[in-house]
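> here are the coordinates; sequence isn't available:
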Ligand code: DCT
Ligand code: MG
């Protein structure tokens, strides 16, 4: 019996995923305990989470509860359920009994009972109640519109509005430009973007970048960099080795796309990045680099295998959401790590840095509070090394 894979993974402290399951199942087909050979960390940045989720029924339920807590501004509870869902996503095995989650981090007694209920009845009473709740459904619908956040959705709900036509017919509502485009292109941008479509957009933007700056650098990030097959948008980082030119690069890319007639919407946010002001007390979620939130027109002939189209749609184009962020080159590694996500992975990277290492991490920099200095990095690997973490590949960051 060759067990080198086992010792190798122990050396890497990698959860002994699929292989262990197969090994145990091959030898003892009736075995009911999961291969919890390696303890699961409470931090997502110490777990390897691929896109393969063996516990989707459970994690979907946990995420509905988390979202409902978010809608009710119960942040602590929301985060607790997001964390628990993330732990379950990292498992290389399917939970078949609630006892199996007993020793997992971030899953308390209530959550164990919830797992028990779902495993026994195939659903949770509380989740079903939330899904049929009018307020939940309405807020979910409104916040699914590009440019509509929870505050706005809540305001519309309190005014008695329940549907998109209600919003359109309400004379006192003045939609901003982003929301107008959000409603205008709702059908297209609420439909997922495929990997082929993301690659096609990559080609279009790459051509724009190189028409402007021959040594410009375009990098795919976000969910597609993590190996997802589908996303709600496509995220890219654009930068240039020329110091201070990155913001100009972005505005010129926008001009280029406009000239091509494919720019359906653009919200450009200039850079407010100032390294001398770091580290700020609140290492905020959104970074200060120049960025733009776009809606682009993608044509069928540009996409290998064609567009993701709604049934009965005869157009040969669709609208797609694209985000571009443009950091200075010496901030690239931090931006790449931050924008690759997942959000849960990022949250835990920062929490780990703060609580376990007395360091502050965000999309701009890593600051060591003990040494009172910034730690330089030219790659994601450098940042993991500074944090004393094993390197986690992008496709293992789907926490
Ligand atoms: N991000 C960030 N700060 C924010 C929002 C996002 O640093 N305020 C990071 C985390 C994930 C990444 O940017 C991309 O964000 P999304 O596109 O929302 O997430 P995604 O993982 O790409 O998901 P999807 O596949 O649905 O686009
Ligand atoms: Mg994305």
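Everything's here; your move. Please read these numbers as outputs of a predicted model, since none were measured by experiment. Ligands and ions are numbered 1, 2, ... in the order given.
> Up against ligand 1, what does the stretch 151-300 of the chain have?
222-223, 228, 231-233, 235, 285-286 (Cβ under 6 Å from any ligand atom). Every residue, glycine included, has its C-beta placed from N, CA and C.
> Find the closest residue to ligand 1 in the stretch 1-150 of the chain.
Going by Cβ to the nearest ligand atom, ligand 1 is nearest to residue 51 of the stretch 1-150 of the chain, at 10.4 Å.
> Quick check: that residue touching residue 230?
No. Using Cβ atoms under 8 Å as the test, residue 51 is too far from residue 230 to be in contact (9.9 Å).
> And for the residue in the stretch 201-350 of the chain that ligand 2 sits nearest to, nearest residue in space, chain neighbours not counted?
The minimum distance from the stretch 201-350 of the chain to ligand 2, using Cβ to the ion, falls at residue 222 (3.3 Å). If the residues on either side of it in the chain are set aside, residue 222 comes closest to residue 235, at 3.1 Å by Cβ to Cβ, 6 or more residues apart in numbering.
> Neighbours of the one you found, how many?
Close neighbours of residue 235, defined as other Cβ atoms under 10 Å, add up to 22.
> hang on, it is in a helix, isn't it?
No. Residue 235 sits outside any helix when classified using DSSP: H, G, I helix; E, B strand; the rest coil, being strand.
> ok, it to residue 344 distance?
As judged by Cβ to Cβ, to the nearest Å, residue 235 and residue 344 stand 16 Å apart.
> Kindly report the same for residue 364.
20 Å.
> Could you do residue 76 as well?
16 Å.
> So between those two, which is more surrounded?
residue 344 (21 against 7).
> Can you classify that one by secondary structure?
Under three-state DSSP, residue 344 falls in the helix class.
> Wait, it touches residue 350, no?
No. At 11.1 Å, residue 344 does not count as touching residue 350 under the criterion of Cβ under 8 Å.
> Which helix in this protein has the most residues?
In the chain, taking DSSP state H as the definition, the longest helix is helix 195-212.
> Show the subsequent helix or strand relative to that helix.
Per DSSP states H and E, the first helix or strand lying C-terminal to helix 195-212 is strand 217-221.
> got the contact list for that following strand?
Contacts of strand 217-221 with the rest of the structure, by Cβ atoms under 8 Å, 6 or more residues apart in numbering, involve 198, 202, 205-206, 209, 225, 234-241, 329, 332, 336, 339-340.
> Make a ChimeraX selection of the buried ones in those residues.
Buried subset of these, written as a ChimeraX selection, criterion 16 or more other Cβ atoms under 10 Å:
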select :198,202,205,206,209,225,234,235,236,237,238,239,240,329,332,336,339,340
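> Close to ligand 2 as well: tell me which of the contacts of strand 217-221 qualify.
Residues of the contacts of strand 217-221 in contact with ligand 2 (Cβ under 5 Å from the ion): residue 235.
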